[in-house]
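Visitor: no sequence for this one, just the structure:
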């Protein structure tokens, strides 16, 4: 098999839009057997699926009428071209994606998992240089992009803040972008002003990725969030079509939810419950765009009204740095998502997410740390997924995704089987 067994089976389930239980029934095996085949190859409980199963799954996938739309999308051209902006390989907004192209990107991310898990290495971007231009403070996003580029063999040049930029001397965005394009092969840009990253992109022909533009969008975060939801749902035997998603907190300035709700709206029959303090509601133009494919949108002002029956709770930090006329300094205590709230209104399979950072200081009332050992909290599985997703973005934009699988070789250093001390329950099943 040219791709990993895990990626092969995940791809088959995604293409057929089947849960693990239904997929296991479809191919005539027990769910437990399927689970062992879906584990990473380094796991102790990993088992190789019989060759007859591989042939049977391949036959089902290749002949199923549900694949017609995927065949059509593949015939329409490489993914790099299908998500391009004015003919340029750039990622500025989730509006560039269809459901088919999103899931094509996720297949590339699945292929990247052995590298992201430190089991394999690849050098397909050897010699390429990434310019990480962050004109706004960032730790996770900046390091995540840099790590993803390095894990494909590239190198990274970082800059953070206006103070150390020539833009502080009055240099225009156009000049900065054009100059940097002569130094690097791709750029990730974060800027506090909405629309500014698009200005950078217009001044260059090299790949540009939007790392967050003020209250606008954060497309790579939304992609890793959606990828997390789909992989968590696969573990739980759920489908995203028809799911109930609750988004909680600062929905006015939270750019992560602006991008995520657009991607989720590509699916069918999704119920969105938007819970926010007065004055921090989701912008109306985004709500209008999300209300498609039979999706239902409800707006609430309290957790008691909004969380009941939710499959996913996506909490956000209050974006005080972007306030204009708002009086709020933070959330009130009755707005905090904590263990007691989740136990009161949600079931054992609810997934709790947050784009991070969460404000853990007393009185901030952000997502509570008392959920840290609750298996429903997916925030660290969520951040881990940022590496394969951003690796996939770089591979597609730089046109090397077809080279990755054959370039992999085993790592030579020792690495822990689980990155975090509480990860073992979900290792390989996330």
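Guide: Yep, that arrived. Everything numeric in this text was worked out from a predicted model, so none of it was measured. Numbering: from 1, shown residues only.

Visitor: quick one, helices of the stretch 51-200 of the chain?
Guide: Listed in chain order, the helices of the stretch 51-200 of the chain (DSSP state H, counting those that start in this stretch) span residues 51-63, 68-75, 79-82, 99-116, 140-151, 173-181, 196-202.

Visitor: if you average pLDDT over each of the ones you listed, which comes out lowest?
Guide: When the helices of the stretch 51-200 of the chain are compared on average pLDDT, helix 68-75 comes out lowest at a mean of 46.

Visitor: mind checking the helices of the stretch 51-200 of the chain for the one nearest to residue 223?
Guide: Using C-beta to C-beta as the measure, helix 99-116 is the one of the helices of the stretch 51-200 of the chain that comes nearest residue 223, at 6.8 Å. Glycine gets a C-beta too; all of them are placed from N, C-alpha and C.

Visitor: who does the closest one touch, helix- and strand-wise?
Guide: Using 3 or more C-beta pairs under 8 Å, 6 or more residues apart in numbering; DSSP states H and E as the contact definition, the elements that helix 99-116 packs against are helix 5-16, helix 68-75, helix 79-82, helix 219-236, helix 386-397, helix 401-407.

Visitor: can you redo these as TSV with distance to residue 194 and mean neighbour count?
Guide: As requested, those are exported to TSV (distance: least, C-beta to C-beta, whole Å; neighbours: other C-beta atoms under 10 Å):
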stretch	distance to residue 194	mean neighbour count
helix 5-16	33	19
helix 68-75	30	12
helix 79-82	25	18
helix 219-236	13	24
helix 386-397	21	26
helix 401-407	30	16
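
Visitor: and of the ones you listed, who's closest to residue 59?
Guide: Relative to residue 59, the nearest member of the helices and strands packed on helix 99-116 by C-beta to C-beta is helix 5-16, separated by 10.8 Å.

Visitor: which secondary element of this structure has the worst mean pLDDT?
Guide: The helix or strand of the chain with the lowest confidence, counting by mean pLDDT, DSSP states H and E, is helix 68-75 at a mean of 46.

Visitor: just to revisit the earlier point, turn the helices and strands packed on helix 99-116 into CSV, including distance to residue 301.
Guide: As requested, the helices and strands packed on helix 99-116 are arranged in CSV below (distance: least, C-beta to C-beta, whole Å):
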stretch, distance to residue 301
helix 5-16, 36
helix 68-75, 39
helix 79-82, 40
helix 219-236, 24
helix 386-397, 31
helix 401-407, 44
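
Visitor: contacts only, for the closest residue to residue 241 other than its chain neighbours.
Guide: If you skip the residues right next to it in sequence, residue 241 has residue 268 as its closest partner in space, 4.6 Å away by C-beta to C-beta, 6 or more residues apart in numbering. Listed by C-beta atoms under 8 Å, 6 or more residues apart in numbering, the contact set of residue 268 reads 241-242, 293-295.

Visitor: where does pLDDT dip in this protein?
Guide: Per-residue confidence for the chain (pLDDT under 70) gives these ranges: 1-2, 64-76, 162-169, 319-331, 422-430.

Visitor: domain map for it?
Guide: Using the TED database, the domain ranges for the chain come out as 5-75, 80-217, 220-381.

Visitor: I'd like to know which of the ones you listed is closest to residue 413.
Guide: Taking C-beta to C-beta as the measure, these were each checked against residue 413, and domain 80-217 came out nearest at 8.0 Å.

Visitor: residues contacting stretch 222-233, please?
Guide: For stretch 222-233, the external contacting residues (C-beta under 8 Å, 6+ apart) are 10, 14, 19, 94, 102, 105-106, 109, 239-240, 243, 256, 259-260, 262-264, 311-312, 314, 351, 353, 355, 378, 381-382, 385-386, 388-390, 393, 430.

Visitor: can you say which helix or strand has the residue nearest to residue 241 in it?
Guide: When secondary structure is defined using DSSP states H and E, no element contains residue 268, which sits outside every helix and strand.

Visitor: do the one 4 residues further on as well
Guide: Taking DSSP H and E as the criterion, residue 272 maps to strand 271-275.

Visitor: tell me the helix or strand right after that strand.
Guide: Using DSSP H and E, the helix or strand that follows strand 271-275 towards the C-terminus is helix 284-290.

Visitor: now the helix or strand following that next one: buried residues?
Guide: Scanning forward in sequence from helix 284-290, with DSSP H and E defining helices and strands, the next element found is strand 296-300. Neighbour-count burial for strand 296-300 flags residue 297 (criterion: 16 or more other C-beta atoms under 10 Å).

Visitor: strand 296-300 packs against which elements?
Guide: For strand 296-300, the packing partners by 3+ C-beta pairs under 8 Å, 6+ apart come out as strand 271-275.

Visitor: still on that earlier bit, ok, and the most crowded of the contacts of residue 268?
Guide: When neighbours are counted as other C-beta atoms under 10 Å, the busiest of those turns out to be residue 295, with 19 neighbours.

Visitor: in contact with it, which residues?
Guide: Contacts for residue 295 (C-beta under 8 Å, 6+ apart) come out as 265, 267-272.

Visitor: any quick PyMOL command for the buried ones out of those?
Guide: Here is the PyMOL selection string for the buried members of the contacts of residue 295, based on 16+ other C-beta under 10 Å:
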select buried, resi 265+267+270+271+272
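
Visitor: tell me which strands the strand holding residue 272 pairs with, and in which orientation.
Guide: Strand 271-275 pairs in its sheet with strand 244-248 (parallel), strand 296-300 (parallel), by DSSP bridges.

Visitor: list the contacts of the first one.
Guide: Same thing as strand 244-248. Contacts of strand 244-248 from elsewhere in the structure, counted by C-beta under 8 Å, 6+ apart, are 257, 260-261, 264, 270-276, 282, 303, 306-307, 309-316, 335, 337.

Visitor: many thanks, I have nothing further to ask.
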